[in-house]
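*Asks:* got a predicted model here, sequence first, then my questions.
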Amino acid sequence: MWAKCTGDSVLVILEPKLQKDSFSKFFSGLEEKGYELTFRSPKDVKPAVIEYDEAKFSHVILFAPESKSFAQDVTPQSLVTLLSKHTNLLIALSPRQTPFTSLAAEFSLTLPPPGTPLISHFPTRNEPATVIPVSVAPSDILSPGLSPVWFSGVPFAYQNNPLLVPILNAPAESFASDSESDLGADALVDATDKGGEGLWAGSQLGLVAGFQALGGARATWVGGVELFSDEFFQKDLPGGGKPGNEQFASDVAAWTFQESLALRIDRVEHHRVNETVPGQTYTTNDQVVFTAYISRFNPVKSTWEPYSGIEDLQLEFTMLDPHIRTALPPVRGAPGKYSVTFRAPDRHGVFKFIIDYKRKGLTHLHSSTVVPLVPPRHDGYPRFLSAAWPYYVGAISTSVGFLLFSALWLAGDDRASAKKSTKTE
Amino acid sequence: MLLWYILTLFILPFSLAAPKDSNAIHDELVKLAKANNGVIKLDERTYDLLTSPKRTWSAAVQLTAMDAKRRCAPCKEFDPSFKEVGRSWSTVPAEERNSHFFATLDFDNGMTVFQKSAPIVHVYPAAEGPRKPANGRTAPSTYDFSFGFEAGPLAEQLSHHTPIPIPYQAPFNWSRWGVLKNKWTWAVGTVLTSLVMTSGYMFTRIRGAPWSGGNGQWIAPGYQNQFGQETQVVAMIYGLLASAFLMLTVVTPYTTSPSRQKAQVYLWSVVIFIMYSVLLSLFRVKNKGYPFKLLL
Amino acid sequence: MATTTAYQVPANLSPTAIANTSSLLRIVALALISAAAIASRLFAVINFESIIHEFDPWFNYRATKVLASEGFYAFWNWFDPTAWYPLGRVVGGTIYPGLMATSGVIFYALKAINLPVDIRNICVLLAPGFSALTAWATYMFTKEMKDESAGLLAAAFIGIVPGYISRSVAGSYDNEAIAIFLLMFTFYAWIKALKTGSAFFGTVAALFYFYMVAAWGGYAFITNMIPLHALALILMGRYSGRLYVGYSSWYAVGTLASMQVPFVGFQPVRTSEHMAALGVFGLLQIIAFAELVRSHVSSKQFRALLFASVIGLGLLGTAGIVGMTYKGWIAPWTGRFYSLWDTGYAKKYIPIIASVSEHQPTAWPSFFMDLQFLIFLFPAGVIMCFRQLRDEHVFVIIYAIVASYFAGVMVRLMLTLTPVVCVAAAIAFSTLLDTYLNPEQPEEETPSAAVPSTAAPSETSSAKKGKKAAPAPATLAELVSNATGPESTKRKTGIFGLDTRLLVILNALGMLVFFVWHCTWVTSSAYSSPSVVLASANPDGSQHIIDDFREAYYWLRQNTPEDAVVMSWWDYGYQIAGMADRPTLVDNNTWNNTHIATVGKAMSSTEEVAYPILRKHDVDYVLIIFGGLIGYSGDDINKFLWMVRIAQGVWPDEIQEPNYFTRTGEYKIDDQASQTMKDSLMYKMSYYRFAELFGGQQAVDRVRGQQVPKTGPTLDYLDEAFTSENWIVRIFQVKKEDLLGRDLKSANSFDQGKKKKRSKPSSRRRAIL
């Protein structure tokens, strides 16, 4: 049994229409990886998703694409709350309109009108036009060299949101339509009249999309639940050969449940050059060393391992605006260690060391360390400057002059007054 | 100036010793006048020379008592005016200038000449020669002080007796300088400034407060607010109270009559008491919560 | 001619006995005055508690704690990262450390003699303690002007006068608390130096001047008063060796010493405020040189030449200073000082300065409130100074003019006027008492002799008036009689009778008693509120304490992470730092206009505009003061226009003041309020959920006296985190970015269950045919 990166309790909300057995391969695959699956139907009250304001499961699989009514604790709002509580979501959709159709829009996914599944007449095959083999574009999330996967369901359009991670896109020749026969499809007719405008078609449509929420949790939207079914796992491709569904489903689940591409910053350190103790404050123009230790989750060993594979990591030294932005390269020979030495700016203030590394598919890395940058101490300035010689000479000559004057004055006092007194007499 | 004065004193005996006819005296006088900024300093003898019955010139003579122990305040006040007029006469062309003289005689230098009071200005017309008055009256006339102690009216009146009008111009800068040198000018300025400032003048100026409110209201409502008219009223009250105190401390003790002094003391005490009450009642209007009051 | 006395005085006392008794009495009187000065300042502690007051004292207190716990060098180099976040504040170099150093020294001294006193109590009681010293310094100063009795009166006046108490009650731990003592003592030392021509007293003046420079920015007042006095004496032809020695020793030592204060640094030789002192110093050297030459050379021409060269050098020096100012080597007048002359300047160019309530001009009731009967004795005292017009009297006269002008321009500068008013009033009052307590009666004159001599003064006065009256020249007899000398007339001045004396003395005593009543009342009712804790009266007359500020600050302290940044208007920066111990964006040390304007912009913009500003500055909480519920008028809505003005000064394109008024130009918060006003963050935060409080009834803002719209504003980017008991302090938490990357407004509407409008894919998404 493997301990997982963020926990291994999984709640599967499975609508009654879908038999648990028809997804047995997918679920048993998860169980083999060590996840504890709990099943409930959408209308069940127990087990609750959130209890006492605390998420009860580490991951939630929502396989209820056609259910219209849910128990009170499963709402679009509660799912977003789950995400904020670091629970990962795997949500399946269908051409039917459900409460979660509107939730997709919050994730910057736009669904076509209800009842318009994805249709493709290519390649020629025995299956209906809604059951489509989709070839898989290579991606960090998926295993390399995957065979095309069977897909049946609804496509969606991506809005402009950097947090979206497209995993599987629709084939170029596919489109969304409300009827299998092209002639009777109103959507098609309308679109043809307008010269193709408004037609949901082409490879820009997504079928499976990941979403890296800012809190670190991940959500994956799948256009059709059949992708995970035993049937699709086994159905031969039109050109012969096994489909990639099983591996694809496993990869998607692994990414969603933060097994793959999960990074974290273990710790950051900063100190002056030639020192080891981290400074409470730094003085302007100090040479500062900043070090970050980054690990990556290894799903096989189920451990965090130092990771030196990031080449484009950057460090910012910021007060309102970045005063310094520099590369934070990995240190050779020290796995997982990234380090840079730089000169602090000549400007006092409260600065922050900021690592802000956001790449599609990867966990966002963010670290912010506040450190005051202070002006030199009163005795920390350079002394005995050549430019100050006029002042030194002035001070010394005045002192010497005063001394001489006092000496002469005191020494000459008697005689002078004596002279004076004799004169006046 | 002192130097020249001493010099003339040196010269004087010599010139007086010489036998004189009218012309010689005239030359002497011209010299003296020139030496003294146009005003001859007389003693009893030069006084006689100047006013000799054979004179062909006219003269304006000031009789005064400048010594401090004579305590003649009007003399001191008038003297600069006379000197100023004499100085301006010395700027006219020599021909006219030498036919009229300005002179001054101090009480201590010529007690016998004095008749009854000082200061006084006698104008002696020419007794002989071309400038003898048409009516033949050669007796001196006296300047009427009701025209004023200032140089301006003096010059104007004396111009009736001179060959040409005295080209006197009011010396603005110098007279002002005199005022500036007087400490009481400054005292009044200082006190007025502080009175105006402490009664909120700057507030009305900076805030552009109106002189008074509409419908005859002249006290602005509110503690941190005021109208222009309030400044004046308050400054006046302060001024009155301050001057009442000053009267009590400075003026009253100098009153030598017990009854008059008593009256003054009572008067000013009552003024202080009443004005203070008025001030307090005014303050109570501004600050509603103020618990104290006197009369009102 | 034996003088009569109005009442019996013991005659057979030896002069030494009198001297000893009077000096003992003086000491007792001074001690009592000190006790009264301290006691009357303790109202605040008795009515409330031993607590630091107002705003600035909280910073001073915090700085003192740093000084006491970490030592002087750490304090000197103290960089405060929690102030002006994220700019930070170099505290050591931007404060006048005199106050903290004084408390620190007292703290360590008490500790050294095993008297552990809480540093807070030292801070609270420092101002009353120093007020006793101020009374003493004023006594010394006035003694130089007149005599000991005037000094005692002046000490008593300044001990209890509200104009000074307002700045020095217990807990008012501010620079002014010690500065007035230093001011008076420096002036005393200067007068002493001038009178005796002693370099020692000049140096004493310089040392206290240094202390003053270290303690208060108002030291510039001394820096300009003393040169002004010296210049006036020179112009009056009263140059003397005493003046030269006194001024030179003061200036040379004082300037060098003042340059040791880090915050002052090279200002004494580089800014216009200090140029007067430098210029007079130069002028004195020239004159001294000229006098030296004059005493050795007698040729008249040479003197004329010398005179010309003195004037020429003076002009050259002035031109040099002007030229250097023009070239930028000497900094021109700073805005704060400049606004004293050009009173419209601050409002136009530095709204931050104009926005402070204590920088407002003074209306006359404030003068009367703060000085009561001293205010009309003051001119009388000035006239008394003119009567004698010794060198030191010139100082009082100049001080009187300058300070009364300044006090008129700024309420705050009433503080500098107060000492001179006390001194002048004491001179006038003690002259009055001298006159009427003197038992000697003048000799009563026979009427015949009296008439002419009384006529004489009236004559001269009418003669002065000139034209109208025809002054009669003095008679010959008078000229002769007057010449007998003044001695005989001098004995004639004085007061007759006992009733006159009694009347005036009783009147005067009544005024004094009234003054004491007034001072006590003003101090207890107006000047002893800590302003951190408010008091109101219950219906039954008992005191009700409103403690919202501390409630809120302690909430912040207990419930937020230590590095949570709090944004508020700058008035509350020091209090938040002092009581809540949280970083603030801006505080009462208004050194960075742009940063304050940033806060002003955030407060006066819409949520959408404000949010990026808040996030950029890492703001976690926004704190506002709202008085609408209980009628606390010093709240943020009333200060709001200043925020708008200050923001407008930096972003004139984005913030415009007229937008915040109704169409008719009124400043309103009810239904008629302009849309910009209603959308502003400040308005939204102030009235958020306010109408709900009234349960369906019409909500009324008790400060503005206006009805609040029934549907209150909504907040999308902030959450209400805390509202104090009387709603005076409201704290809002800034939301983090939405975790789905939406803008918070739509996230908020999603959370409330509103359906998102269905968006169609854009037409760009054409089918690939």
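*Replies:* Sure, I can see it.
*Asks:* low pLDDT regions in the chain?
*Replies:* Here I'm looking at chain A. Low-confidence segments of chain A, defined by pLDDT under 70, span residues A:1-6, A:179-192, A:195-198, A:413-425.
*Asks:* you looked at the wrong chain, it should be chain C
*Replies:* When the per-residue scores of chain C are filtered using pLDDT under 70, the ranges that remain are C:1-3, C:297-303, C:331, C:335-337, C:346-347, C:352, C:444-492, C:754-769.
*Asks:* which residue sits closest to the residue nearest the centre of it, ignoring its sequence neighbours?
*Replies:* Chain C has residue C:412 as the residue nearest its centroid, 3.7 Å off, counting by C-alpha atoms, centre = their mean. The shortest distance from residue C:412 to any residue other than its chain neighbours is 4.0 Å, reached at residue C:358 (C-beta to C-beta, 6 or more residues apart in numbering or on different chains). To be clear about C-beta, it is placed using only N, CA and C from the backbone, and glycine gets the same treatment.
*Asks:* what's the burial count for that neighbour?
*Replies:* Residues within reach of residue C:358, counting by other C-beta atoms under 10 Å in any protein chain shown, total 13.
*Asks:* can I take it that it is in a strand?
*Replies:* No - according to DSSP: H, G, I helix; E, B strand; the rest coil, residue C:358 belongs to no strand; its state is helix.
*Asks:* looking at it, it is touching residue C:410, isn't it?
*Replies:* Yes - using C-beta atoms under 8 Å, residue C:358 is in contact with residue C:410, at 7.1 Å.
*Asks:* and the lengthiest strand in chain A, what does it pack against?
*Replies:* Taking residue count as the measure and DSSP state E as the definition, the longest strand of chain A comes out as strand A:287-298. The contact analysis (3 or more C-beta pairs under 8 Å, 6 or more residues apart in numbering or on different chains; DSSP states H and E) places strand A:287-298 against strand A:263-272, strand A:303-306, strand A:337-343.
*Asks:* now do that strand against strand A:337-343, angle only.
*Replies:* On the basis of axes from the mean of the first three to the mean of the last three C-alpha atoms, to 10 degrees, strand A:287-298 is oriented at 160 degrees to strand A:337-343.
*Asks:* C-alpha coordinates for strand A:287-298, CSV please?
*Replies:* What follows is the C-alpha trace of strand A:287-298 in CSV, where atoms were taken according to Å, rounded to 0.1, in the frame of the first residue of the first chain:
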residue,chain,number,x,y,z
GLN,A,287,26.1,40.1,-1.0
VAL,A,288,23.2,37.8,-0.3
VAL,A,289,23.0,34.1,-1.0
PHE,A,290,19.6,32.6,-1.5
THR,A,291,19.0,28.9,-1.7
ALA,A,292,15.8,26.9,-2.3
TYR,A,293,15.4,23.2,-2.0
ILE,A,294,12.8,21.7,-4.3
SER,A,295,11.4,18.1,-4.3
ARG,A,296,9.2,16.2,-6.6
PHE,A,297,6.8,13.4,-5.6
ASN,A,298,7.8,10.0,-6.8
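*Asks:* adjacent strands (with direction) for it?
*Replies:* Looking at strand A:287-298 with DSSP bridges, its partner strands are strand A:263-272 (antiparallel), strand A:303-306 (antiparallel), strand A:337-343 (antiparallel).
*Asks:* give the contact list for residue C:576.
*Replies:* C:553, C:556, C:566, C:568, C:582, C:584, C:587, C:623 (C-beta atoms under 8 Å, 6 or more residues apart in numbering or on different chains).
*Asks:* just say helix, strand or coil for it.
*Replies:* Taking three-state DSSP as the rule, one finds residue C:576 in the helix state.
*Asks:* contact residues of the stretch 51-200 of chain C facing chain A?
*Replies:* Within the stretch 51-200 of chain C, the positions near chain A by C-beta under 8 Å from any C-beta of the partner chain are C:73, C:76, C:77, C:79, C:81, C:85, C:86, C:87, C:88, C:90, C:92, C:93.
*Asks:* quick check: the fourth one touching residue A:374?
*Replies:* Okay, so that is residue C:79. Yes - proximity of residue C:79 to residue A:374 meets the contact threshold set by C-beta under 8 Å, at 3.9 Å.
*Asks:* domain-wise, how is the chain divided?
*Replies:* You didn't pick a chain, so chain A it is. By the record's domain assignment, chain A is partitioned as A:9-256, A:263-374, A:387-413 (automatic domain parsing).
*Asks:* my bad, chain B
*Replies:* When chain B is parsed into structural domains using automatic domain parsing, the resulting residue ranges are B:2-176, B:182-286.
*Asks:* compare those and give me the one nearest chain A.
*Replies:* Distances from chain A to each of the domains of chain B were compared using C-beta to the nearest C-beta; the shortest belongs to domain B:2-176, at 28.6 Å.
*Asks:* how about that closest one and chain C, touching?
*Replies:* Yes - Domain B:2-176 is in contact with chain C by C-beta under 8 Å from any C-beta, via B:65, B:67, B:69-75, B:77, B:107, B:114-120, B:145-146, B:148-150.
*Asks:* likewise for stretch A:375-394?
*Replies:* Yes - against chain C, stretch A:375-394 shows contacts by C-beta under 8 Å from any C-beta at A:375, A:377, A:378.
*Asks:* ends of that stretch, how far apart?
*Replies:* Its first and final residues considered, stretch A:375-394 spans 29 Å by C-alpha to C-alpha, to the nearest Å.
*Asks:* now stretch B:240-256
*Replies:* End-to-end span of stretch B:240-256 (C-alpha to C-alpha): 24 Å.
*Asks:* what comes into contact with it?
*Replies:* Residues from elsewhere that reach stretch B:240-256 (C-beta under 8 Å, 6+ apart): B:191, B:195, B:261, B:264-265, B:268-269, B:271-272, B:275-276, B:279, C:376-380, C:383-384, C:387, C:428, C:431-432, C:435-436, C:442, C:444-445, C:450, C:453-454, C:457, C:492-495, C:504.
*Asks:* what subset of these is buried?
*Replies:* Listed as buried from the contacts of stretch B:240-256 are B:191, B:195, B:261, B:264-265, B:268-269, B:271-272, B:275-276, B:279, C:376-380, C:383-384, C:428, C:431-432, C:435-436, C:442, C:445, C:450, C:453-454, C:492, C:494-495, C:504; burial here means 16 or more other C-beta atoms under 10 Å in any protein chain shown.
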